[in-house]
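Visitor: the following comprises the amino acid sequence and a computationally predicted model.
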Amino acid sequence: FWVGRLGEDAVTALGLAWPLVFLTISFAGGFTVAGTVLVAQHKGAGNDDRIDHVAGQTIAFVSVLAVVFSAVGYVFVPDLLGLIGATPGSEVHALAVDYTRTIFLGVVFMFGFFIFQALLRGWGDTKTPLMLMAFGVAINVVLDPILILGFQDNTLFGALGLRGLETTLFDLTGFSGMGVQGAAVATVVSRALGAGLGFAWLFSGKVGIHLTLDDLLLRRETVERIVRIGAPASVEQSTRALGVTVLTALVALVGTNAAMSQDAVVGGFTIANRITSLVFLPSLGFARGTETVVGQNLGSDQVDRAKRAVRAGVGIIAVVLVGVSVVTVTFADAIVGVFIAGEGADAVTAIGVDYLAIVGPTFAFLGAFQILQGGFRGSGSTTLAMGFGIASLWVFRIPAAYYLSQMQGMGPQGIWWGIAFSNVATVVVAAAWFLRGTWTENVVEEERATPAD
């Protein structure tokens, strides 16, 4: 919303920057799945002495990965953005570089926040991560308008009737905002504060898991187990992120041949895709809960309860997202219009509305797929989940989007129909495999015989 006050270039810059950030977060973040699975199954099996150890090992290992990817990403951002479709030397490219490099500098803090959430989910506590997320969101909400727009022509001060205060603050500071980079700074600061609180709670023992410094000293056996479980999830998520990157590049390519400008097409896709991500969050929450319930039940050898949990999750999220689809498609114009202002806003809005009209009706299928994936991951079948995750983008989505948009000459609409097709096709295949019932394995049996060090 706040970046949208800056206009079309700013929104387009975010659209081009986000796939790279998502790719890095996804690669290392996939390993947090191992923390969730191991903590959940050890708790279900009653192996309390192992929980703190696997939690500490997950934190240490993922933190090392985050540092490496932060450095590599920072260095190669300009070239990578050029590959996606940003024109080097353009205003959009410069804005995207500033945003992405700032995010990369704070990747370690962002991962700390994600690791805390993953470990607590495995323990069965989703309320504490919720409170911490609410705290982070509140900080972000406060910082965003200030850091992005500063104290000059800030929409927030105008809406609150505080132009006098705005003038005073500008006279004192001369701060006119950081633009798109301000959004990145706000995100990094809020995640850093959240990660700091989360780790303080983990070391204090107030959240069930009680870490010591010794738990952070990497042990080869445990790291190998984390890699075995987490690597498929990491490959799945990073491949998915790479697919989003390729899809964004395809949108940019189609934009150069469309009647509307490339910036309008990419900007409309960016806003509509973020709205889809927002709608997607309930299913992601249920999927994470499903990982925990399945993991704990399989850890205590209750296979039927694990299967029932997945079926219940699919039913609930399908009902919820059908209602969300109706609202989103009905009010698409008003929803998209909130997130863009200034020159080019009408063209961007039209693209976003078109996207939601085609993809919106498939939200329930998208949600059901995530619940099924949560069940597969909770059982430790992360390789299976990886296969379906890769297929959703690289077998069903990208080929269909390319074929319809390029070979059939449908332009941007061809991409939207490709996305809709993949949402439906993927869940059909995953549901068929779920009904086979061969995914209900347990990954902690061998762990019981392995000493902590």
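Guide: Nice, I can see it.
Visitor: from here on, just use CA atoms for contacts and neighbour counts.
Guide: OK.
Visitor: and the helices in the stretch 201-350 of the chain?
Guide: 220-257, 262-299, 303-330, 332-337, 345-359 (DSSP state H, counting those that start in this stretch).
Visitor: take these and lay them out in a markdown table including distance to V37.
Guide: Formatted as a markdown table, the helices of the stretch 201-350 of the chain follow (distance: least, Cα to Cα, whole Å):
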| stretch | distance to V37 |
| --- | --- |
| helix 220-257 | 8 |
| helix 262-299 | 6 |
| helix 303-330 | 13 |
| helix 332-337 | 37 |
| helix 345-359 | 32 |
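Visitor: of the ones you listed, which is nearest G122?
Guide: helix 262-299 (5.3 Å; Cα to Cα).
Visitor: elements contacting that closest one?
Guide: For helix 262-299, the packing partners by 3 or more Cα pairs under 8 Å, 6 or more residues apart in numbering; DSSP states H and E come out as helix 8-29, helix 32-45, helix 107-123, helix 220-257, helix 303-330, helix 345-359, helix 363-378.
Visitor: looking at those, which is closest to K206?
Guide: Of the helices and strands packed on helix 262-299, nearest to K206 by Cα to Cα is helix 107-123, at 11.4 Å.
Visitor: what's next to that closest one, contact-wise?
Guide: By Cα atoms under 8 Å, 6 or more residues apart in numbering, the residues outside helix 107-123 that reach it are 25, 29, 32-33, 35-41, 43, 55, 58-59, 62-63, 66-67, 70, 126, 128-129, 188, 191-192, 194-196, 198-199, 207-209, 288-289, 291-292, 295.
Visitor: buried subset of those residues?
Guide: Those of the contacts of helix 107-123 that meet the buried threshold are 25, 29, 32-33, 35-41, 43, 55, 58-59, 62-63, 66-67, 70, 126, 128-129, 188, 191-192, 194-195, 198-199, 209, 288-289, 291-292, 295, by 16 or more other Cα atoms under 10 Å.
Visitor: most tightly surrounded among the helices of the stretch 201-350 of the chain?
Guide: Most buried of the helices of the stretch 201-350 of the chain, by mean neighbour count (mean count of other Cα atoms under 10 Å): helix 262-299, with a mean of 24.
Visitor: just want the angle from that one to helix 303-330.
Guide: 160 degrees (axes from the mean of the first three to the mean of the last three Cα atoms, to 10 degrees).
Visitor: what score does M260 have for pLDDT?
Guide: Per-residue confidence (pLDDT) for M260: 64.
Visitor: got it, and the one 4 residues further on?
Guide: The predicted structure scores A264 at 82 on the pLDDT scale.
Visitor: show me what contacts it?
Guide: Here A264 is in contact with E8, T12, G255, G344, A347, V348, I351 (Cα under 8 Å, 6+ apart).
Visitor: how far away is it from R377?
Guide: With the distance defined as Cα to Cα, to the nearest Å, A264 ends up 38 Å from R377.
Visitor: what's the answer for T245, then?
Guide: Distance from T245 to R377, by Cα to Cα: 24 Å.
Visitor: equivalent analysis for F135, please.
Guide: Per Cα to Cα, F135 is found 28 Å from R377.
Visitor: looking at the two, which is more packed in?
Guide: R377 (32 against 16; other Cα atoms under 10 Å).
Visitor: ok, that one touching G387?
Guide: No - counting by Cα atoms under 8 Å, R377 stays clear of G387, with 11.6 Å between them.
Visitor: what does stretch 265-279 contact?
Guide: Stretch 265-279 is contacted from outside by 8, 11-12, 14-16, 248, 251-252, 255, 321, 324, 336, 339, 347-353, 355-356, 360, 363, 412, using Cα under 8 Å, 6+ apart.
Visitor: likewise for stretch 290-306?
Guide: 36-37, 40-45, 121-124, 307, 309-310, 313, 371, 374-380, 440-442, 444.
Visitor: now find how far off-centre that stretch is within its chain.
Guide: Relative to its chain's centre, stretch 290-306 lies at 25 Å (Cα atoms, centre = their mean, to the nearest Å).
Visitor: check stretch 336-348 too.
Guide: With Cα atoms, centre = their mean as the basis, stretch 336-348 stands 24 Å off its chain's centre.
Visitor: what average pLDDT does it get?
Guide: On average, stretch 336-348 scores 81.
Visitor: span of it from start to end?
Guide: Note: stretch 336-348 ends 9 Å apart using Cα to Cα.
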